[in-house]
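1. With the input below, show me the fold.
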Amino acid sequence: MFVDISNIQGVNDVELAQFVVDIINWLIGFAAVLSVVMIISSGFQYIFSFGDSKRIGRATSSLIFALVGLVLVFLAPTIIQFVLNNFLGN
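-> So this is what the prediction gives:
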């Protein structure tokens, strides 16, 4: 479980809160897989660019965006937990 809601006060419907957490965790996992797929895709773009500078530029920007997305995916649970603890927690 990426996000923990055990210390949030005022949540009456635990099933709804758990459903939201399950959706968030699923989206984080999906985004991680999508980022890895995009990194692999940009690698293939590099391979098949055959020295064309325009295609290499597109592959580079695709790789940079995929890496930034992967970093954001790894930071997302921490950011979500920070918001939950400081604004909705004790």
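2. Name the helix or strand for the residue nearest in space to the middle of the chain, please.
-> Taking Cα atoms, centre = their mean, the centroid of the chain lies closest to residue 73, which sits 2.5 Å from it. Using DSSP states H and E, residue 73 falls within helix 53-83.
3. can you tell me which residues contact the residue nearest to the centre of the chain?
-> 28, 31-32, 35 (Cβ atoms under 8 Å, 6 or more residues apart in numbering). C-beta: built from backbone N, CA, C; applies to glycine.
4. buried stuff in stretch 66-81?
-> 66, 69-70, 73, 76-77, 80-81 (16 or more other Cβ atoms under 10 Å).
5. Those into JSON lines, with extra columns for distance to residue 58 and pLDDT?
-> Formatted as JSON lines, the buried residues of stretch 66-81 follow (distance: Cβ to Cβ, whole Å; pLDDT from 0 to 100):
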{"residue": "66", "distance to residue 58": "12", "pLDDT": "94"}
{"residue": "69", "distance to residue 58": "16", "pLDDT": "91"}
{"residue": "70", "distance to residue 58": "19", "pLDDT": "92"}
{"residue": "73", "distance to residue 58": "22", "pLDDT": "90"}
{"residue": "76", "distance to residue 58": "27", "pLDDT": "87"}
{"residue": "77", "distance to residue 58": "31", "pLDDT": "86"}
{"residue": "80", "distance to residue 58": "32", "pLDDT": "82"}
{"residue": "81", "distance to residue 58": "36", "pLDDT": "83"}
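6. Let me have those in CSV, extended by distance to residue 55.
-> Output for the buried residues of stretch 66-81, formatted as CSV (distance: Cβ to Cβ, whole Å):
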residue, distance to residue 55
66, 16
69, 21
70, 22
73, 27
76, 31
77, 35
80, 37
81, 40
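7. so which of the residues you listed would you say is closest to residue 21?
-> The nearest member of the buried residues of stretch 66-81 to residue 21, counting by Cβ to Cβ, is residue 80 at 9.1 Å.
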